[in-house]
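Visitor: sequence-free structure coming up:
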């Protein structure tokens, strides 16, 4: 199946992102629902992946400016029914393409669940530091330097 991944520009698309995140992080992984939509969510840029046959959200990611030169990716989520289809790759590619074409950020960072670290390594993210707990799950900080702009 071919999915549609797009930058979020409407309240409806943002609601689709939130729905995916709640299903994956709260319902499936047990994270507290009350902290899933946090205080920085309104400051973030969001991407949504849609199933073109139903127009339902099936994946998402967000980005915020962590420092003047670093963007931090978060809340990357893909519904269990679409895992293994390459959808996570499509979301990451769309996000990185947007950052390279539309911002002056030099690096991207993220906090990966330790079992998902290999997924991000495929995109060139490098783990640093020690593992740390986040909502009871082991995480690790990862970073990627973006290509130089012309």
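Guide: Happy to help now that I have it. If you're wondering where the values come from, they're calculated on a predicted model, not measured in any experiment.

Visitor: do a quick rundown of the strands in the chain.
Guide: 4-7, 45-51, 56-65, 70-78, 107-113, 126-134, 137-145 (DSSP state E).

Visitor: a markdown table please, covering those and showing mean pLDDT, distance to residue 28 and mean neighbour count.
Guide: All C-beta atoms are positioned from the backbone trio N, CA, C, and that covers glycine. Output for the strands of the chain, formatted as a markdown table (pLDDT from 0 to 100; distance: least, Cβ to Cβ, whole Å; neighbours: other Cβ atoms under 10 Å):
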| stretch | mean pLDDT | distance to residue 28 | mean neighbour count |
| --- | --- | --- | --- |
| strand 4-7 | 97 | 21 | 15 |
| strand 45-51 | 98 | 17 | 21 |
| strand 56-65 | 97 | 14 | 22 |
| strand 70-78 | 97 | 9 | 21 |
| strand 107-113 | 97 | 12 | 19 |
| strand 126-134 | 95 | 16 | 11 |
| strand 137-145 | 97 | 12 | 17 |
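
Visitor: relative to residue 85, which of those strands is closest?
Guide: strand 70-78 (8.2 Å; Cβ to Cβ).

Visitor: what packs against the closest one?
Guide: The criterion is 3 or more Cβ pairs under 8 Å, 6 or more residues apart in numbering; DSSP states H and E, and the helices and strands that strand 70-78 contacts are helix 11-21, strand 56-65, helix 87-102, strand 107-113.
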